[in-house]
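next input, structure requested:
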Amino acid sequence: MSKIYDVIIVGSGPAGWTAATYTARAGLAPLVIAGALEAGGALMNTTEVENFPGWPEGIMGPELMEKMQAQAERFGAEVIYEDATKLELLGDIKVIHTEDETFQAKTVILALGSAYKKLNLPREEELSGKGVSYCATCDGFFFKDQEIAVVGGGDSAVTEALFLARFGSTVHVIHRRDKLRASKVMADRLLSTPNVVMHWNSEVTTLNGDNELTSVILRNNVDGSETELPLSGLFVAIGHQPRSAIVSSEVNTDETGYILTTEPSTRTNVPGVFACGDVVDHVYRQAITAAGSGCKAALDAQEYLANLVG
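Residues are numbered from 1 along each chain as shown. Predicted coordinates for the structure are as follows:
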């Protein structure tokens with residue numbers, strides 16, 4: 001533990017790799033604790049990305065993350081594939097523990113990301129990217145003129161369903177209650193969309209298909225009846241869970257767990273600790289916005305370190 005890094009970045013993905021590139025180019029030699037199983041973030045589970053600037057022909061999500069990582073490493077970022085197990089952030093020197101090692105830093109950038117809430121159904125992981133998706137803006141275009149469905153009833157689900165209505169021949173909205181939780185304006189807009197079909201009091205119980213999704217089984221939670229709904233795409237929009245639990249005892253979060261920052265900066269309530277990406281953003285959640293916030297976090301960390309020297 002003799003070495004003290006200027007910057008340690010916990011997490012990867014577009015936010016973490018961008019923060020690493022900027023801090024590495026500034027000569028700060030950052031350490032990226034990228035994660036053991038989920039290095040690269042949510043885009044590692046995405047197929048073709050067509051809306052990231054600079055890739056007019058599109059690029060596969062894992063390839064985009066590999067290129068971002070390579071860019072960061074080119075400028076001197078150090079990367080380890082371990083999970084942070086404990087963070088001690090309140091002192092002037094921050095301490096980050098992994099299963100095997102302990103690291104120290106003057107500043108920490110939290111790029112912990114968030115996880116899509118899942119249905120927790122058999123074969124859900126297997127069919128992810130093969131008909132099951134958690135991001136309409138990422139994957140909606142691939143289902144043009146096809147039968148697709150959205151699970152959920154809040155503003156996020158309604159927003160996704162309205163977006164998907166531009167592409168799908170029919171958009172089925174599957175909601176376990178008899179009334180949408182979304183705002184009245186959004187709900188009215190959805191219910192007046194011609195190619196939207198509502199399935200009230202319904203839950204998905206089974207995902208069918210060998211190499212790709214072909215249908216789902218719906219169970220009516222009032223009378224217990226089951227029906228098969230042929231689909232090529234199922235979009236799960238039941239919320240996100242920010243991965244902030246590991247720091248929530250020291251870093252302020254909102255009631256849903258998203259880390260709070262001092263807008264427009266990425267500063268948290270703990271001096272020398274900055275947060276970026278989906279662990280902060282519960283509105284946009286796009287690769288490009290995460291990358292932008294990673295840039296901001298890097299610049300904020302640079303300024304903090306410069307003031308320490310001064």
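
list the contacts of V222.
Counting by C-beta atoms under 8 Å, 6 or more residues apart in numbering, V222 touches N201. Any C-beta I mention is one placed from the backbone N, CA and C, and that applies to glycine too.

how near is the residue minimising distance to the centre of the chain to V280?
Nearest residue to the geometric centre of the chain (C-alpha atoms, centre = their mean): S114, 4.5 Å. In this view, S114 and V280 are 9 Å apart by C-beta to C-beta, to the nearest Å.

find the residues that touch each one of these two.
P242, Y258.

so where does G16 fall, helix or strand?
Taking DSSP states H and E as the definition, G16 sits inside helix 13-25.

and the contacts of the helix or strand bottoming out on mean pLDDT in the chain?
One helix or strand of the chain scores below all others by mean pLDDT, DSSP states H and E: strand 48-49, with a mean of 77. Identification of contacts with strand 48-49 by C-beta under 8 Å, 6+ apart yields L43, W55, G58, I59, M60, G61, L64, C138, F142, A287.

any idea how many residues pack against the last one?
Using other C-beta atoms under 10 Å, A287 has 27 other residues around it.

got the angle for the lengthiest helix in the chain vs helix 13-25?
The residue-count maximum for a helix in the chain (DSSP state H) belongs to helix 287-309. Orientation of helix 287-309 against helix 13-25 (axes from the mean of the first three to the mean of the last three C-alpha atoms, to 10 degrees) gives an angle of 40 degrees.

which elements pack onto the helix holding G16?
Using 3 or more C-beta pairs under 8 Å, 6 or more residues apart in numbering; DSSP states H and E, the elements in contact with helix 13-25 are strand 4-10, strand 31-33, helix 61-74, strand 102-110, helix 287-309.

thinking N208 is in contact with S232, fair?
No: with contacts counted by C-beta atoms under 8 Å, N208 stays clear of S232, the gap being 11.4 Å.

for I238, give me its contacts.
K117, L119, V151, G152, G154, A157.

what of N211?
So N211 contacts K130 (C-beta under 8 Å, 6+ apart).

per-residue pLDDT, it?
As predicted, N211 sits at a pLDDT of 91.

ok, now how distant is it from E48?
17 Å.

likewise M186?
29 Å.

show me the shaky parts of the stretch 1-150 of the chain.
The model of the stretch 1-150 of the chain has pLDDT under 70 over residues 1, 40, 45-47.

start and end of stretch 233-242, how far apart?
25 Å (C-alpha to C-alpha, to the nearest Å).

list the buried residues of it.
In terms of neighbour count (16 or more other C-beta atoms under 10 Å), stretch 233-242 has its buried residues at G233, L234, F235, V236, A237, I238, H240, P242.

need the pLDDT of M186.
89.

so which other helices or strands are in contact with whatever helix or strand it lives in?
Using DSSP H and E, M186 sits within helix 184-191. If contacts are counted by 3+ C-beta pairs under 8 Å, 6+ apart, helix 184-191 sits against helix 155-164.
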